[in-house]
Every structure is written in structure tokens, then in C-alpha cells.
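Chemist: show me the folded form of this:
(one chain, ligands or ions: 1)
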Amino acid sequence: MIQAAIQTEHTKRDIGGIPFESPFTLAALSGYSDLAMRMVCRSLGACLTRHEVVLDQFILDHGTGPKSGEHLDPGDRPIACQLMGRDPVEMGQAARRMASFGYDIVDINFGCPVKKVLGRCRGGFLLSEPETAIQMVREVKAAVDVPVTIKMRRGLDESPLSRERFWHILSAAVDLGIAGVVVHGRTVDQRYEGFAKWEIIGEVKSRFPHLAVMGSGDLYTAEDCLRMLRETGCDGVTIARGAIENPWVFRDCLALWRGEEKPAPPTLAEQAKLFDDQYEIAINLYGLERATRQMRKFGIKRSKLHPEPEKVHRAFVTLSSSDDWARVRSEIYGVDSR
Ligand SMILES: Cc1cc2nc3c(=O)[nH]c(=O)nc-3n(C[C@H](O)[C@H](O)[C@H](O)COP(=O)(O)O)c2cc1C
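Modeler: Okay, the predicted model is just below:
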């Protein structure tokens, strides 16, 4: 059984007491990991989900709408929220408010590589300012009762100083009592280019065997996910672009992990049904127009699952109403009614 083979005496199945049943979790994905995506990934086996990153200032200003962090569903637990900011005290205040919404875990973003974010000294930038990052962990830890985790890239760049700072921040955060870390094996400089180096994930688990360590980077198939678990000894994986493009990756991961055969790829009818389910939740969240725009992105990303990807791509690029989807469902997916 693969599950037994990759389990060691240090494998953790909880983050600060919040259990996760399998190693397969959904990554925080800005613009994607909303309630609708989280629910369909859960239905396919994701055992822990993450809300997309939210700015502390938005929370402190009592921002409203789907990104406010208030859209939780009892069926979507355990769930982590993720905050990003500049000022440690404000991050603590925002964390307190987020935790009051009912999140099981509060995660701090030290990884975002977006230019505007770096320009405002947030996200991945903080890997270059260890003392601010550490103070942020201290404030957030003091502000909430739920477990606190951090998300880090393996450094700002390839320099030895960057590596040194990675370890300095992580060691201090562990001393302050974080319950877990998500390590993305790319540098901030790399953004989403090139390959992720997984060695650092294994090093983190070896140095901190009692910490819940989740790996991130280049996880597109179930085979990738199991390979990361095997090669690094991490406790779990956070599936990102792989889950946007193919949420069935969770079902496949679970099957292989349990020593079963990998299931057949989703049929066109299964793909259409999942789209229907996700669209319905999105409509309740956003209203029809915005939900349709949101679903257009998913349809395009998932076009590769169809034998005629270009045709699907073209159809979703112009998707602008539920009638359009009914037509695509019938003409391209061959499914007439729900
Ligand atoms: C569209 C998109 C949005 C993302 N949003 C977030 C986010 O909100 N918070 C976060 O920590 N990481 C975010 N990430 C990074 C992913 O969680 C993940 O670490 C990264 O994509 C590497 O995994 P992959 O190579 O398997 O996609 C995002 C990535 C993508 C592609």
C-alpha cells in the first residue's frame, strides 16, 4: 500500500490539532479558490481547502463581497484563510477578524511574486525583511487562538543571503509556535517560470520533523503529488494550477495513495456536471453575470480535458450567459439537460 510506504514516524495528519485526512489539499489561488471551486474540489477528495489571499487592509476596512472572506460553508471544513500585508500590528488585527468568521487556520503570505505586491513591500518581499516577517508572525500568533501557518517561497532569489533569510524566518516562526508551513519550491524572482526545486521541502521536513510541512510547485498529476510525498517526506501537498485545470486530480491522488488503480479520465458528461455544480454555487455567490465571467476562466483552463481542446477554448472565450453554457454543454459536451 503506497499510503503506508510513504508514511514515516514523523508524518503529521493535523495542523495544530486541525486534522486532514489525506495529504491532498487545495492551494490558495487568487481569483480561483472561491467557495465554488473549493466545493467541487472537496467533492473529488480535497481534504483541506484554502481561501485565496486577502489584503489585511481590505479586512480592516470591512470590505464586502465574495473576497471578504465571509463566504464559508459548513461543508467546506477544515479551511484556511490567508492574509497578506505590510504592517505586523494591522496583520494581527485582520487575523483576529478573519478567525472570527470561523476559519480553522490562519495563514500568512510570504510568497506572492506579483510586481505591485512587491512594490508595496508585501508578500514575497517580506522574505527580504526577516525582522518584519517575524514580527508579523508574532502579532498574528498573539491575535488568534486558531493555528497559524506561513506560506513561503524558497527565497527571494538564488543568493546565499536569500537562503539564509529563509531559514532565519522559518526557525523564528517555529520558535513562535507556527503549526505548519507551505513551501513553494520556486524563488520570488522566478514567479511562475521554470521548475520548482523540491529539495528545500525535504530539508524543511528534516529540520522540523514536528512541523506540518506542505509542499508546493509543479503538481499537475496524481503521480507528481505522490512523487513529491515520497521524495521530500512532506506531510501534504497543495495542488494549485493542477487543480484549476483538472480537479479530478484529487480523486486520482486518493486512488493511487490507497493502492487502487488510477480512475479513467472524467467523461464529457462528468465534466459538464462538474461545471454545472460549480456554476450554480458561483451564481449564488456572485449573481449570473459575474459567475459567468468567473466560469469562463475555468472552462478555458479545463479545455485540455476535452478531445477537441481548441474548439472548447474558442467556445469558452466568448461565453457570456447561461444560455451560452447550455449550448456549449449540448453541442460540445453532448449533454442536453442536467
Ligand atoms: C492564478 C494563481 C493564483 C495564486 N494565488 C495564490 C494565493 O492567493 N496565495 C498563495 O499563497 N499562493 C498563490 N498562488 C501560488 C500557488 O498556491 C502555488 O504555490 C504555485 O502556483 C505553485 O504551484 P504549481 O506550480 O503546482 O501551480 C497562486 C498561483 C496561481 C497560478
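
Chemist: CA-only coordinates of the longest helix seen in the chain in PDB, if you can.
Modeler: Across the chain, the helix with the greatest residue count (assigned by DSSP state H) is helix 268-286. Output in PDB follows, covering the C-alpha atoms of helix 268-286 (Å, rounded to 0.1, in the frame of the first residue of the first chain):
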ATOM      1  CA  LEU A 268     -17.600  14.600 -21.000                       C
ATOM      2  CA  ALA A 269     -20.800  14.100 -19.000                       C
ATOM      3  CA  GLU A 270     -18.800  14.200 -15.800                       C
ATOM      4  CA  GLN A 271     -17.100  17.300 -16.900                       C
ATOM      5  CA  ALA A 272     -20.400  19.000 -17.800                       C
ATOM      6  CA  LYS A 273     -21.900  18.000 -14.500                       C
ATOM      7  CA  LEU A 274     -19.000  19.500 -12.500                       C
ATOM      8  CA  PHE A 275     -19.200  22.700 -14.500                       C
ATOM      9  CA  ASP A 276     -23.000  22.800 -13.700                       C
ATOM     10  CA  ASP A 277     -22.300  22.300 -10.000                       C
ATOM     11  CA  GLN A 278     -19.600  24.900  -9.800                       C
ATOM     12  CA  TYR A 279     -21.600  27.400 -11.900                       C
ATOM     13  CA  GLU A 280     -24.600  27.000  -9.600                       C
ATOM     14  CA  ILE A 281     -22.600  27.900  -6.500                       C
ATOM     15  CA  ALA A 282     -20.900  30.700  -8.300                       C
ATOM     16  CA  ILE A 283     -24.300  32.200  -9.400                       C
ATOM     17  CA  ASN A 284     -25.400  32.100  -5.700                       C
ATOM     18  CA  LEU A 285     -22.200  33.900  -4.800                       C
ATOM     19  CA  TYR A 286     -21.800  36.500  -7.400                       C
END
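
Chemist: contact residues of the chain facing the ligand?
Modeler: With CB under 6 Å from any ligand atom as the criterion, the chain comes near the ligand at residues 27-32, 52-53, 82, 109, 111, 151, 184, 192, 196, 216-219, 240-242. Heads up, the C-betas are built off the backbone N, CA and C, glycines and all.

Chemist: from these, which would you call buried?
Modeler: Listed as buried from those are 27-30, 32, 52-53, 82, 109, 111, 151, 184, 196, 216-219, 240-242; burial here means 16 or more other CB atoms under 10 Å.

Chemist: need the next SSE after the longest helix of the chain, C-terminal direction.
Modeler: Where DSSP states H and E defines the elements, the next helix or strand beyond helix 268-286 is helix 288-301.

Chemist: got the buried residues for that next one?
Modeler: Within helix 288-301, the residues that count as buried by 16+ other CB under 10 Å are 291-292, 294-296, 298-301.

Chemist: equivalent analysis for stretch 70-79, please.
Modeler: 71-72, 76, 78-79.

Chemist: swap in stretch 175-192?
Modeler: Neighbour-count burial for stretch 175-192 flags 178-190 (criterion: 16+ other CB under 10 Å).

Chemist: coming back round to it: with the buried residues of stretch 70-79 in mind, which one is nearest to the ligand?
Modeler: Nearest to the ligand among the buried residues of stretch 70-79, counting by CB to the nearest ligand atom, is residue 79 at 13.7 Å.

Chemist: how does the chain divide up, domain by domain?
Modeler: Here the domain parsing of the chain from automatic domain parsing is 2-257, 268-331.

Chemist: what is the end-to-end distance of the first one?
Modeler: One end of domain 2-257 to the other measures 5 Å (CA to CA, to the nearest Å).

Chemist: if we can go back for a sec, now for the buried residues of stretch 175-192: which two are most distant?
Modeler: 179 and 189 (28.5 Å; CB to CB).

Chemist: and the longest helix of the chain, how far out from the chain's middle?
Modeler: Computed by CA atoms, centre = their mean, to the nearest Å, the chain-centroid distance of helix 268-286 equals 20 Å.

Chemist: re earlier: would you reformat the domains of the chain as CSV and include mean pLDDT?
Modeler: Formatted as CSV, the domains of the chain follow (pLDDT from 0 to 100):
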stretch, mean pLDDT
domain 2-257, 96
domain 268-331, 96
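
Chemist: for those domains, which one ends up most surrounded?
Modeler: domain 2-257 (a mean of 20; mean count of other CB atoms under 10 Å).

Chemist: centre of the chain to it, how far?
Modeler: Its chain's C-alpha centre and that of domain 2-257 lie 7 Å apart, by CA atoms, centre = their mean.

Chemist: any idea how far the ligand is from residue 189?
Modeler: Remark: distance between residue 189 and the ligand (CB to the nearest ligand atom, to the nearest Å) = 14 Å.

Chemist: and what of residue 304?
Modeler: Applying CB to the nearest ligand atom to residue 304 and the ligand gives a distance of 15 Å.
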